[in-house]
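Participant: Please find the sequence and the predicted model below.
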Amino acid sequence: QCSGGPGWAQALLSRIGEIATTVSSNTVDVQEDEGGGLTVVSRVKLTVKLSIPTLLLPPFVPAGPFERSGSESLQKLLDRDMGTVLGRFREGYLTWATGD
């Protein structure tokens, strides 16, 4: 349920499950550094496709700024959340590697 904001935004967000398609991948590489230690490098890719019916968008919303704003919001979300995800990965890997 979406409350607040313009009616067109509420209508859009209330149907997000119907109009959004996401594809994500996380490629994790373990690389040996010069000192013989290991570094884990994670490359995350997230693609979001919105099929927005023109009836839900007001005519004054151009695609460029709308797409840019959405991309920036998703990037901020990834930047905020991936540290936690990678921390859990590290803990799980260390547990596995030590056989605990």
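Facilitator: Looks like it came in fine.

Participant: quick one, helices of the protein?
Facilitator: With helices called from DSSP state H, the chain shows them at 7-14, 16-19, 63-98.

Participant: Of the ones you listed, which stretch is the most buried?
Facilitator: helix 7-14 (a mean of 14; mean count of other Cβ atoms under 10 Å). C-beta here means a position set from N, CA and C on the backbone, and glycine is covered the same way.

Participant: what pLDDT, on average, does it get?
Facilitator: When pLDDT is averaged over helix 7-14, the result is 70.

Participant: Looking at the helices of the chain, which is nearest to Val30?
Facilitator: helix 63-98 (8.6 Å; Cβ to Cβ).

Participant: Counting by contacts, list what the closest one packs against.
Facilitator: Here helix 63-98 touches strand 38-50, going by 3 or more Cβ pairs under 8 Å, 6 or more residues apart in numbering; DSSP states H and E.

Participant: for the strand it packs on, packing partners?
Facilitator: In terms of contacts (3+ Cβ pairs under 8 Å, 6+ apart), strand 38-50 is packed against strand 20-32, helix 63-98.

Participant: can you put the ones you listed in a markdown table and add mean pLDDT and distance to Lys45?
Facilitator: Formatted as a markdown table, the helices and strands packed on strand 38-50 follow (pLDDT from 0 to 100; distance: least, Cβ to Cβ, whole Å):
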| stretch | mean pLDDT | distance to Lys45 |
| --- | --- | --- |
| strand 20-32 | 87 | 5 |
| helix 63-98 | 80 | 10 |
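
Participant: Present those as CSV; the columns should include distance to Pro6.
Facilitator: Converted to CSV, the helices and strands packed on strand 38-50 look like this (distance: least, Cβ to Cβ, whole Å):
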stretch, distance to Pro6
strand 20-32, 19
helix 63-98, 13
